[in-house]
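Student: what follows is a predicted structure for the sequence shown.
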Amino acid sequence: MLYRVEGIVIRSMDYGEGNKIITLCTENAGKIGVLVRGAKKVKSRHAALTQLFTLGEYVFFRNGTGLGTLNAGEITMSHYRLRGDLYMAAYASYACELLDRILLDEETGSFWFQQLKACLGELEEGKDPGIILNVYEMKMLQTAGYAPKLDVCISCGEPRSEEELLISPRLGGVLCKYCRHLDPQALTITPRALKLLRLFERLDLRKLGNIDVKEETKLELKKVMRSFIDMQLGVNLKSRNFLDQMDKYEI
């Protein structure tokens, strides 16, 4: 059967001497693997369609639920600026790998696609990559069914002041100081950072404006969101390890 989909390349790997296999995140057909014959050849007309972060229309033949074979395609947005900047490419790779690891094959959902599309667009526009990824991570947690509970204590259910709350990635939300014994490893959080996390819950990357955040608050948000990803999703991402190395050596 012949398929025509709008998709974003979230993974690209060599296959054989001259071919590539790409993984597409699509709006209406889920996550799909497509074989692109001859993509590694110098004069290949499909080579550009296999580049990471590329948004385009892909036409491929697939028999059943296996690997598709590309027939034709047209690029909508190449995101070449992201690939051309090591720093931005690292952030974009993390966004793609995170989605790839939590989105099941054939699992449909326009929201996954739209948030990744918006994330890559915001990165290319030059907005703060750390904040963009924090919002994106929150959207991924929400869509995967692991949204943190940030309004009241996850244990006693009582509304507390922001000064009385801690963050418990293990339990999946805020924990008041009276219930801290349930998670001695709960993280302290400033009222400013907690307010931003609650804002991230409501934000949509497709409508994201400029958010000015102090450097110390960015570090706090990064630590909290990373802990939620680790505890709730349990994924080890190569792209995140690379981001850590970049931060370490200040590339």
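Tutor: Cool, got the structure.
Student: in which helix or strand does the residue positioned nearest the centre of the chain reside?
Tutor: The residue lying closest to the centre of the chain (CA atoms, centre = their mean) is Ala95, at 3.1 Å. If you go by DSSP states H and E, Ala95 is part of helix 86-102.
Student: in that helix, what's buried?
Tutor: Along helix 86-102, these residues count as buried under the neighbour rule (16 or more other CB atoms under 10 Å): 88-100, 102. Just so you know, the C-beta spots here come from the backbone N, C-alpha and C atoms, and that holds for glycine as well.
Student: ok, now stretch 46-59?
Tutor: Using 16+ other CB under 10 Å as the test for burial, stretch 46-59 gives His46, Leu49, Thr50, Gln51, Leu52, Phe53, Thr54, Leu55, Gly56, Tyr58.
Student: out of those residues, which are inside helices?
Tutor: In helices, judged by DSSP state H, none of those are found.
Student: and these, which two are furthest apart?
Tutor: With CB to CB as the measure, no two of the buried residues of stretch 46-59 lie farther apart than His46 and Phe53, at 16.3 Å.
Student: packing partners of the least confident helix or strand in the chain by mean pLDDT?
Tutor: Using mean pLDDT, DSSP states H and E, helix 238-249 stands out as the lowest-scoring helix or strand of the chain, at a mean of 81. Counting contacts by 3 or more CB pairs under 8 Å, 6 or more residues apart in numbering; DSSP states H and E, helix 238-249 is packed against helix 86-102.
Student: relative to helix 238-249, how tilted is the helix it packs on?
Tutor: Helix 86-102 runs at 150 degrees relative to helix 238-249, counting by axes from the mean of the first three to the mean of the last three CA atoms, to 10 degrees.
Student: which other residues reach helix 86-102?
Tutor: Residues outside helix 86-102 that contact it (CB atoms under 8 Å, 6 or more residues apart in numbering): 8, 10-11, 23, 25, 31, 52-53, 79, 81-83, 112, 116, 119-120, 123-124, 129, 132-133, 136-137, 140, 144, 229, 233, 235, 237-240, 242-243, 246, 251.
Student: mind listing what's buried in the helix or strand that it is followed by?
Tutor: Using DSSP H and E, the helix or strand that follows helix 86-102 towards the C-terminus is helix 110-125. Within helix 110-125, the residues that qualify as buried are Trp112, Phe113, Gln115, Leu116, Lys117, Ala118, Cys119, Leu120, Gly121, Glu122, Leu123, Glu124, counting by 16+ other CB under 10 Å.
Student: now the second one. Nearest residue, chain neighbours left out?
Tutor: Using CB to CB, 6 or more residues apart in numbering and skipping residues adjacent in sequence, the residue nearest Phe113 is Glu27, 4.3 Å away.
Student: my guess is that neighbour meets Val5, correct?
Tutor: Yes. The criterion here is CB atoms under 8 Å, and Glu27 meets it with Val5 at 7.4 Å.
Student: state the helix or strand in which Ser209 lies.
Tutor: Quick fix: residue 209 is Gly, not Ser. Judged by DSSP H and E, Gly209 forms part of no helix or strand.
Student: now it. Its backbone dihedrals?
Tutor: The phi/psi pair for Gly209 (degrees, to the nearest 10) reads phi -100, psi -160.
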